[in-house]
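1. take this sequence and fold it.
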Amino acid sequence: MTNRYYMLFYAVFMFFCPVTVIICCYFFIVQAVFKHEDEMRQQAKKMNVTSLRSGEQNSVSAEIRIAKIAIMNVTLWLFSWTPYMVLCMMGTWGDQSGITPLASELQSLMAKTSCAYNPLIYCLSHPKFREVCTLIAQTFKAFTDLPSTNPDSQTIAPLDVHCAGDQTEEDR
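-> The predicted structure follows:
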């Protein structure tokens, strides 16, 4: 019986309370952003300008971006921790024969990776970070577009690569 009480308290304080706190916090963040954006629009009207922001940022409003990030964070947190909680409850109150070692390990790994989702979402949603990622991807693409050295291909292009310590015939 103490195992069941433990799981009940665990579910309440380690799953439902954090979900409630996360949802409330993101709700108030989004609400504050909406209020700030409304104040910015009112200030722009007083100054007789269409917007106080540069043209690049007007395409998607800050409210929508923040709301998307908040929804994504809450959703990923739920996707990572719900299987863990379901299997814990199933092991305590349900049919334990349905819990396979693979299912047990996967839900545990998903729960442990939840701490990495939040920074990834914020990084990937930031325009400057995406710009740098695009630049890096283009750089790697340039390296992968080297001529083919496959003997089965029609044209064989020699690949002339020297290490820093290599001597060429001209150096000898």
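2. what packs against the helix ranked longest in the chain?
-> The longest helix of the chain (DSSP state H) is helix 62-93. Here helix 62-93 touches helix 2-11, helix 17-46, helix 101-112, helix 114-125, going by 3 or more CB pairs under 8 Å, 6 or more residues apart in numbering; DSSP states H and E. From N, CA and C alone the C-beta is placed, and that goes for glycine too.
3. got these as JSON lines, with distance to T134 columns?
-> Putting the helices and strands packed on helix 62-93 into JSON lines (distance: least, CB to CB, whole Å) gives the following:
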{"stretch": "helix 2-11", "distance to T134": "43"}
{"stretch": "helix 17-46", "distance to T134": "26"}
{"stretch": "helix 101-112", "distance to T134": "29"}
{"stretch": "helix 114-125", "distance to T134": "12"}
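4. now tabulate those in JSON lines and tack on mean pLDDT, mean neighbour count and distance to A142.
-> Shown next, in JSON lines, are the helices and strands packed on helix 62-93 (pLDDT from 0 to 100; neighbours: other CB atoms under 10 Å; distance: least, CB to CB, whole Å):
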{"stretch": "helix 2-11", "mean pLDDT": "90", "mean neighbour count": "12", "distance to A142": "51"}
{"stretch": "helix 17-46", "mean pLDDT": "89", "mean neighbour count": "13", "distance to A142": "39"}
{"stretch": "helix 101-112", "mean pLDDT": "92", "mean neighbour count": "13", "distance to A142": "35"}
{"stretch": "helix 114-125", "mean pLDDT": "87", "mean neighbour count": "13", "distance to A142": "23"}
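5. so which of those is nearest A137?
-> helix 114-125 (13.1 Å; CB to CB).
6. what angle do whatever helix or strand comes next after that closest one and helix 114-125 make?
-> Downstream of helix 114-125, the next assigned helix or strand under DSSP states H and E is helix 127-144. Calculated by axes from the mean of the first three to the mean of the last three CA atoms, to 10 degrees, helix 127-144 forms an angle of 90 degrees with helix 114-125.
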